[in-house]
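Q: give me a 3D structure for the following:
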Amino acid sequence: MENIAVYTLTSPLHDAEAVSAISDGFLASIFPSGGYDFRGGDFSDFGTHALDLIFVRTGGTEGIFRSLLPRLRESGATEFRLLASDRSNSLAASMEILSFLRLNGIRGEIIHGSAAGVAGRIDELLRVAEAKSRLAGMRLGVIGRPSDWLIASGADYRSVKEKLGVELVDVPVSELTDRISGAAADEAVPDVPMPENVRKAFPGALGIYRALKSLVKDRGLGGFTLRCFDLLDAVGNTGCLALAKLNSEGMPAGCEGDVPALLSMTVAKAVTGFTGFQANPSRIDPASGEILFAHCTIPLDIVDSVEYDTHFESGKGVGIRGHYPEGPVTVFKLSGDLSRHFMAEGELIRNCSGPDLCRTQIVVRLSPEEAGYFLREPIGNHHIILPGHCRTAIESII
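A: Now for the predicted structure:
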């Protein structure tokens, strides 16, 4: 079975052969290589594909859709994608149908435009549908509770389960520290310049990495957030290196027990393939929209070079100074109950290395209005910075 199904709505007033000829050409321009299951007016298996498209082929189909809607809703559909051409009043009928859906509190979208634009949006929606499938049933670990200073960074476990299909699992920090002492590092310390105290801490940081991998496997986790500052006293080291490596391996791994940040990273990974850089704004110029984000760990797969230093606040362990390539980025954050989010597309304009902040430091330019959000209505302090402009894709899943 194909991942995409195309169903059709056609008014009996239109000539069937003429409509078919026009619509066949339209579909061929969007799907030049095929790759979809054409179901026509047979909606009996609606909801069984990764992406179901309703091609509104002609005007006069609004009543047909309204009569079908109860059956379509029984399939579990919560939103509808309407495919509209520029012929036979297809777009006008689609607009009426979408307005009807919205009046009834049902989400929907009209996919319309150039063949390339329509094909691109369908590809994006397919990736979103597949991302939702990947999230369903996922287990995310909360290793320790949020750090004491994160007073706004908890989560509503029930809402997360209901809206994303993701289960949040509490794991005591002791379960990790018990594993660290017996975790053998099977990697050599990189032969690159680094301070001697960092070189001495490297084997222990790799041990934390191995212990986390073991815990994740045994607990069946698809990601986690770690109350990492507890490791400073428990083992005299930090999780910065471990999180950098695990994120680059495709495992959403967040800092400081920040659950909303973890959820944001997990959703982003499911859609874009990148977990993103969890960091906090350290300086904001409201007039220019420039924001300096900083943290002591960053996924290794989104940087083009790395330097090793200590963790900034404690002067211990192994911190990461990664050079994040300049160019387009997306800044993203979900609230812990998933009721709101922040999303802005901007430009990473430079990397910094000041001595008074966490090791990885980047400056992102947003619009002044978007930058003002951080001073008026922020969702906690940590935000996720992703490579590229991916606002539309991520918002399709939330």
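
Q: how about the one helix or strand Ala211 maps to as PDB, C-alpha atoms only?
A: Taking DSSP states H and E as the criterion, Ala211 maps to helix 196-219. Output of helix 196-219 as PDB, limited to C-alpha atoms (Å, rounded to 0.1, in the frame of the first residue of the first chain):
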ATOM      1  CA  GLU A 196      45.200  19.400  30.700                       C
ATOM      2  CA  ASN A 197      42.400  19.300  33.200                       C
ATOM      3  CA  VAL A 198      39.900  18.700  30.400                       C
ATOM      4  CA  ARG A 199      42.000  15.900  29.000                       C
ATOM      5  CA  LYS A 200      42.100  14.300  32.500                       C
ATOM      6  CA  ALA A 201      38.300  14.600  32.700                       C
ATOM      7  CA  PHE A 202      37.600  13.100  29.200                       C
ATOM      8  CA  PRO A 203      37.600   9.400  30.200                       C
ATOM      9  CA  GLY A 204      35.100  10.100  32.900                       C
ATOM     10  CA  ALA A 205      32.900  12.100  30.500                       C
ATOM     11  CA  LEU A 206      33.000   9.200  28.100                       C
ATOM     12  CA  GLY A 207      32.000   6.900  30.900                       C
ATOM     13  CA  ILE A 208      28.900   9.100  31.500                       C
ATOM     14  CA  TYR A 209      28.100   8.700  27.800                       C
ATOM     15  CA  ARG A 210      28.400   4.900  28.000                       C
ATOM     16  CA  ALA A 211      26.200   4.800  31.200                       C
ATOM     17  CA  LEU A 212      23.500   6.900  29.500                       C
ATOM     18  CA  LYS A 213      23.500   4.700  26.500                       C
ATOM     19  CA  SER A 214      23.100   1.600  28.700                       C
ATOM     20  CA  LEU A 215      20.300   3.200  30.700                       C
ATOM     21  CA  VAL A 216      18.400   4.400  27.600                       C
ATOM     22  CA  LYS A 217      18.600   0.900  26.100                       C
ATOM     23  CA  ASP A 218      17.500  -0.900  29.200                       C
ATOM     24  CA  ARG A 219      14.600   1.500  29.900                       C
END
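
Q: what does it rub up against?
A: 139, 141, 143, 169, 171, 175-176, 179-180, 183-187, 189-190, 194, 221, 224, 226, 231, 235-242, 245-246, 251, 253, 308-310, 316-318 (C-beta atoms under 8 Å, 6 or more residues apart in numbering). Yep, even glycine has a C-beta here, placed from its N, CA and C like the rest.

Q: filter the residues you listed down to the buried ones.
A: Neighbour-count burial within the contacts of helix 196-219 applies to 141, 143, 171, 176, 179-180, 183, 185, 189, 194, 221, 224, 226, 231, 235, 237-242, 245-246, 251, 253, 308-310, 316-318; the criterion is 16 or more other C-beta atoms under 10 Å.

Q: filter these down to the ones in helices?
A: Assignment to helices by DSSP state H places the following of those there: 176, 179-180, 231, 240-242, 245-246.

Q: possible to save those as a markdown table with pLDDT and distance to Thr266?
A: What follows is those, written out as a markdown table (pLDDT from 0 to 100; distance: C-beta to C-beta, whole Å):
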| residue | pLDDT | distance to Thr266 |
| --- | --- | --- |
| Leu176 | 96 | 19 |
| Arg179 | 94 | 23 |
| Ile180 | 92 | 24 |
| Leu231 | 95 | 22 |
| Cys240 | 97 | 20 |
| Leu241 | 97 | 21 |
| Ala242 | 97 | 17 |
| Lys245 | 97 | 17 |
| Leu246 | 98 | 13 |
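
Q: dump those to TSV, plus distance to Lys161.
A: Shown next, in TSV, are these (distance: C-beta to C-beta, whole Å):
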residue	distance to Lys161
Leu176	24
Arg179	27
Ile180	30
Leu231	29
Cys240	30
Leu241	32
Ala242	27
Lys245	29
Leu246	24
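
Q: how's this protein carved up into domains?
A: 4-135, 139-395 (automatic domain parsing).

Q: comparing the ones you listed, which comes out most buried?
A: Most buried of these, by mean neighbour count (mean count of other C-beta atoms under 10 Å): domain 139-395, with a mean of 19.

Q: just for this structure, where's the confidence low?
A: Counting by pLDDT under 70, the low-confidence segments of the chain come to 1-2, 183-185.

Q: residue nearest the centroid of it?
A: With distances taken as C-alpha atoms, centre = their mean, the residue of the chain nearest its centroid is Ala268 (1.3 Å).

Q: what about Leu27, which helix or strand?
A: Secondary-structure assignment from DSSP H and E places Leu27 in helix 16-30.
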